[in-house]
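Trainee: This is a predicted model, with the sequence first.
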Amino acid sequence: MNGPLSPEAGEEHDEMLDKDGTSDRLTSSSSSSSHYTVDQFLPLIGEIGRFQLTLCLILSVMVYLTAFPNTIMYFTSTPSPWRCSPSSSICTENGTFNVTDTRRCGMPRSEWEFVMPSTFSIVTKYDLCCGREWWIHLAGSVVFAGSGLGSFSFGFLSDNYGRRRVIYITSSTMLTLMTIVPFLPTIELFVFGRFLIGFFREVTNIYVLSNEFVGPKYRPIIGNINFLFWALALLVLPLKAYLVQNWQMLYVVCGAPYLVILLSWWFVPESPRWLLVQGRREEAMGVLRRVAQCNRRTIPEHVTLASETRPTKKMTPVNLFTSGRYLTITTLIQGFGWFAQGLLYWGITMTADDLGGDMYLNWILASLTDFPACIICIWAFRRLGRKITTISGAMMASCACIFVFLMPLNHPVWGPIRIATGTLSKLCVNISINGMFLWSVELYPTALRVIGNSCMMLMSRVGAASSPWLTKALLPINPALPFALLGGVGLLSTLFFLWLPETKEMPTKEVIEEEKNTKMDSAVGEYVELKT
């Protein structure tokens with residue numbers, strides 16, 4: 001006999017609904033209330049409909065905005081040629097000199113000047129040359145450090161105080177900082193401002209909230225719509241950089257105009273899954289009724305949400321390691337995997353100019369790969385699953401990096417092949433990163449979903465923050481050596497992924513207690529149900 005919480009009960013009830021999803025034809029014998037989980041409730045109100053698509057569009061615009069802080073350094077840290085000052089008595093040569101000409105470093109600063117104005121880049125604004133170039137790398141990596149710490153901090157706040165509030169606080173602060181930071185007077189303040197921008201650049205909550213309103217079958221679609229907007233931002237940014245030659249105004253146009261998105265506060269609701277876990281069942285039912293109304297569905301009167309066990313204490317990252325062997329192992333494996341994929345993704349992105357050829361063309365080619373990657377992921381997630389898709393993408397990206405390392409640089413024959421292989425590596429790492437996002441969301445229960453994924457974002461940002469230092473430090477030894485490092489670390493991560501379980505179309509867990517009833521088979525990485 002099926003209990004009120006069993007999936008079979010939900011299926012039997014679904015069969016009583018007519019094709020329009022209404023309850024007009026329910027049998028009159030259903031006199032007692034049916035208690036459903038959120039996943040069982042979604043077919044009644046529409047697993048994906050007008051409400052979910054509108055919500056996804058709004059949240060995808062927020063994802064779009066988070067791409068600018070990370071990538072804007074590519075276009076705002078360009079070095080400038082130099083020339084002798086007109087009044088100089090020491091530097092008397094005519095013409096302009098290349099950025100690699102270090103003779104200026106032995107002269108007083110007043111004896112030479114940049115060819116380009118201070119609005120050209122942070123190099124000309126803050127005089128980042130002659131031993132001060134490390135500030136460029138620091139300004140590029142500090143946003144990842146801030147993002148990792150922010151994800152860690154806001155993950156705790158989100159799982160304990162709600163997704164919606166955190167999303168709007170972080171988005172509004174990030175956009176405001178984007179309009180202020182470029183006008184700070186010193187490089188020290190600018191770098192600190194970049195750290196704050198990264199701290200409030202919160203994407204984990206956005207992705208989680210998008211997926212908590214749809215059924216398991218449609219999560220790949222929603223997640224990839226988010227990523228398509230990220231890819232769009234990568235293509236819009238070089239256009240903005242071309243049209244706005246002033247680096248400070250480029251920051252402004254990537255921040256201030258988008259503050260209008262905050263008006264969507266009145267449409268975006270709190271996650272019903274989070275409300276249910278917090279014991280706020282009536283509020284969760286109110287959200288689901290609103291979804292049903294927008295999707296033109298009717299909820300049967302006798303159907304209601306089942307009560308979940310409310311956490312007796314606030315969730316913290318410590319719970320990831322004290323809630324059973326399964327959760328501990330998956331967290332450790334994912335942590336290294338996210339570090340490796342963060343290093344691989346941003347290492348490939350930020351070394352686009354080291355492939356040879358035009359830096360702007362390389363950036364556009366690398367960014368264009370995000371679009372086919374999203375289309376491939378939508379198909380692969382539903383046919384092959386999360387595990388095979390993620391491992392395949394990471395392995396092919398790593399192998400492509402190793403091939404780039406083995407090819408000669410600026411060779412008339414191998415040059416175009418090298419660029420094509422580097423572009424292929426970006427396509428494949430996009431697939432693996434996309435897979436990691438969805439896989440991690442499904443591996444964690446609702447009570448720890450944002451905290452768990454925020455810790456994964458922290459590890460990803462550690463890898464991303466390391467990428468400019470590791471890749472640029474290896475360039476003097478061999479321009480191709482960074483690709484060998486990226487490929488080696490990426491291949492190692494794929495071996496660990498083999499121990500993680502598949503989550504394709506599995507119902508999401510809501511509370512930690514459910515995790516204690518499962519363990520991981522370390523040989524094959526599959527769920528093994530314990531007998532009760």
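Mentor: Looks like it came in fine. Numbers count the residues shown, from 1 in each chain.

Trainee: Tell me where the model's unsure across the stretch 351-500 of the chain.
Mentor: Applying pLDDT under 70 to the stretch 351-500 of the chain picks out residues 351-360, 362, 366, 409-415, 468, 471-480.

Trainee: could you measure residue 488 against residue 398, distance?
Mentor: Using C-beta to C-beta, to the nearest Å, residue 488 is found at 8 Å from residue 398. (Glycine included, C-beta is placed from N, CA and C.)

Trainee: Counting neighbours around each, name which of the two comes out higher.
Mentor: residue 398 (26 against 14; other C-beta atoms under 10 Å).

Trainee: Would you mind identifying the next helix or strand past the helix or strand hosting that one?
Mentor: Taking DSSP states H and E as the definition, residue 398 sits inside helix 386-406. Downstream of helix 386-406, the next assigned helix or strand under DSSP H and E is helix 414-443.

Trainee: Check which helices and strands that next one is in contact with.
Mentor: Applying 3 or more C-beta pairs under 8 Å, 6 or more residues apart in numbering; DSSP states H and E, we find helix 414-443 packed against helix 204-211, helix 219-243, helix 325-350, helix 359-368, helix 370-383, helix 386-406, helix 449-474.

Trainee: what about it, distance to the chain center?
Mentor: Chain-centre distance of helix 414-443: 13 Å, with C-alpha atoms, centre = their mean, to the nearest Å.

Trainee: swap in stretch 247-265?
Mentor: With C-alpha atoms, centre = their mean as the basis, stretch 247-265 stands 19 Å off its chain's centre.

Trainee: And the average pLDDT for it is what?
Mentor: If you average the pLDDT over stretch 247-265, you get 94.

Trainee: Now do the buried residues in it.
Mentor: 247, 248, 250, 251, 252, 253, 254, 255, 258, 261, 264 (16 or more other C-beta atoms under 10 Å).

Trainee: burial count for residue 107?
Mentor: Neighbourhood size, residue 107 [other C-beta under 10 Å]: 15.

Trainee: oh, I was asking about residue 188
Mentor: Neighbour tally, residue 188, other C-beta under 10 Å: 11.

Trainee: So which elements touch the helix or strand hosting it?
Mentor: For residue 188, the host element (DSSP H and E) is helix 187-199. If contacts are counted by 3+ C-beta pairs under 8 Å, 6+ apart, helix 187-199 sits against helix 50-71, helix 122-126, helix 134-161, helix 163-180.

Trainee: For the closest residue to residue 169 other than its chain neighbours, list the residues it contacts.
Mentor: Nearest residue to residue 169 in three dimensions, chain neighbours excluded: residue 200, at 8.0 Å (C-beta to C-beta, 6 or more residues apart in numbering). Applying C-beta atoms under 8 Å, 6 or more residues apart in numbering to residue 200 gives the contacts 146, 150, 169, 170, 171, 173, 174, 177.

Trainee: just residue 292 next, same as before
Mentor: 44, 45, 46, 298, 299.

Trainee: In contact with the second one: list those residues for me.
Mentor: Residues touching residue 45, when contacts are defined by C-beta under 8 Å, 6+ apart, comprise 21, 288, 291, 292, 295, 297, 299.

Trainee: Show me those that map onto strands.
Mentor: Nothing among the contacts of residue 45 maps onto strands, per DSSP state E.

Trainee: neighbour-wise, which of the residues you listed leads?
Mentor: residue 288 (26 neighbours).

Trainee: do you know how far that residue is from residue 169?
Mentor: 25 Å.

Trainee: Show the backbone phi and psi for residue 96.
Mentor: phi -110, psi 160 (degrees, to the nearest 10).

Trainee: ignore the last one, residue 119
Mentor: Main-chain torsions, residue 119, degrees, to the nearest 10: phi -80, psi 0.

Trainee: same deal with residue 113?
Mentor: phi -150, psi 160.

Trainee: residue contacts, it?
Mentor: 82, 83, 84, 85.

Trainee: If we use 6 Å, what do you get?
Mentor: Residue 113 makes contacts with residue 85, as judged by C-beta atoms under 6 Å, 6 or more residues apart in numbering.

Trainee: And the one 3 residues further on, by the same measure?
Mentor: Residue 116 makes contact with 80, 124 under the criterion C-beta under 6 Å, 6+ apart.

Trainee: Go ahead and report the secondary structure state at it.
Mentor: Judged by DSSP: H, G, I helix; E, B strand; the rest coil, the three-state class of residue 116 is coil.

Trainee: how much distance is there from stretch 128-146 to the middle of the chain?
Mentor: Mean-position distance between stretch 128-146 and its chain equals 22 Å (C-alpha atoms, centre = their mean).

Trainee: Show me what it is in contact with.
Mentor: 69, 73, 77, 105, 187, 191, 194-195, 197-199, 461, 464-465, 468-469.

Trainee: how far away is the closest residue to residue 368 other than its chain neighbours from residue 430?
Mentor: Leaving aside its chain neighbours, residue 368 sits nearest to residue 235 (7.2 Å; criterion: C-beta to C-beta, 6+ apart). Distance of residue 235 to residue 430, computed by C-beta to C-beta: 13 Å.

Trainee: okay, those two: which has more neighbours?
Mentor: residue 430 (28 against 15).

Trainee: Contact partners for the residue lying closest to that one once chain neighbours are set aside?
Mentor: The spatially closest residue to residue 430, leaving aside those adjacent along the chain, is residue 373, at 3.6 Å (C-beta to C-beta, 6+ apart). Residues near residue 373 by C-beta under 6 Å, 6+ apart: 427, 430, 431.

Trainee: now, which of those residues sits nearest residue 268?
Mentor: Nearest to residue 268, judged by C-beta to C-beta, of those is residue 430 at 26.7 Å.

Trainee: Got phi/psi on the spatially most central residue of the chain?
Mentor: The residue lying closest to the centre of the chain (C-alpha atoms, centre = their mean) is residue 203, at 5.7 Å. Backbone torsions of residue 203, given as degrees, to the nearest 10, read phi -110, psi -20.

Trainee: ok, it touching residue 66?
Mentor: Yes. Residue 203 is in contact with residue 66 according to C-beta atoms under 6 Å; the separation is 4.7 Å.

Trainee: Identify the residue spatially nearest to the residue of the chain most remote from its centre, adjacent ones excluded.
Mentor: Among residues of the chain, the one most distant from the C-alpha centroid is residue 89; the distance is 53.3 Å, by C-alpha atoms, centre = their mean. The spatial neighbour of residue 89 that comes closest, neighbours along the chain excluded (C-beta to C-beta, 6+ apart), is residue 111 at 7.9 Å.

Trainee: How many residues are close by that neighbour?
Mentor: 16.

Trainee: Could I get the pLDDT score of it?
Mentor: Value for residue 111, per-residue pLDDT: 88.

Trainee: now do residue 239
Mentor: Confidence score, pLDDT, at residue 239: 87.

Trainee: ok, now residue 504?
Mentor: Confidence score, pLDDT, at residue 504: 81.

Trainee: again with the one 5 residues further on
Mentor: Per-residue pLDDT puts residue 509 at 69.

Trainee: ditto for the one 4 residues further on
Mentor: We have a pLDDT of 53 for residue 513.

Trainee: what's the answer for residue 106, then?
Mentor: The model's pLDDT for residue 106 equals 85.

Trainee: re earlier: export the helices and strands packed on helix 187-199 to JSON lines and tack on distance to residue 367, mean neighbour count and mean pLDDT?
Mentor: Below are the helices and strands packed on helix 187-199 laid out as JSON lines (distance: least, C-beta to C-beta, whole Å; neighbours: other C-beta atoms under 10 Å; pLDDT from 0 to 100):
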{"stretch": "helix 50-71", "distance to residue 367": "9", "mean neighbour count": "21", "mean pLDDT": "92"}
{"stretch": "helix 122-126", "distance to residue 367": "22", "mean neighbour count": "22", "mean pLDDT": "93"}
{"stretch": "helix 134-161", "distance to residue 367": "17", "mean neighbour count": "22", "mean pLDDT": "85"}
{"stretch": "helix 163-180", "distance to residue 367": "20", "mean neighbour count": "20", "mean pLDDT": "94"}
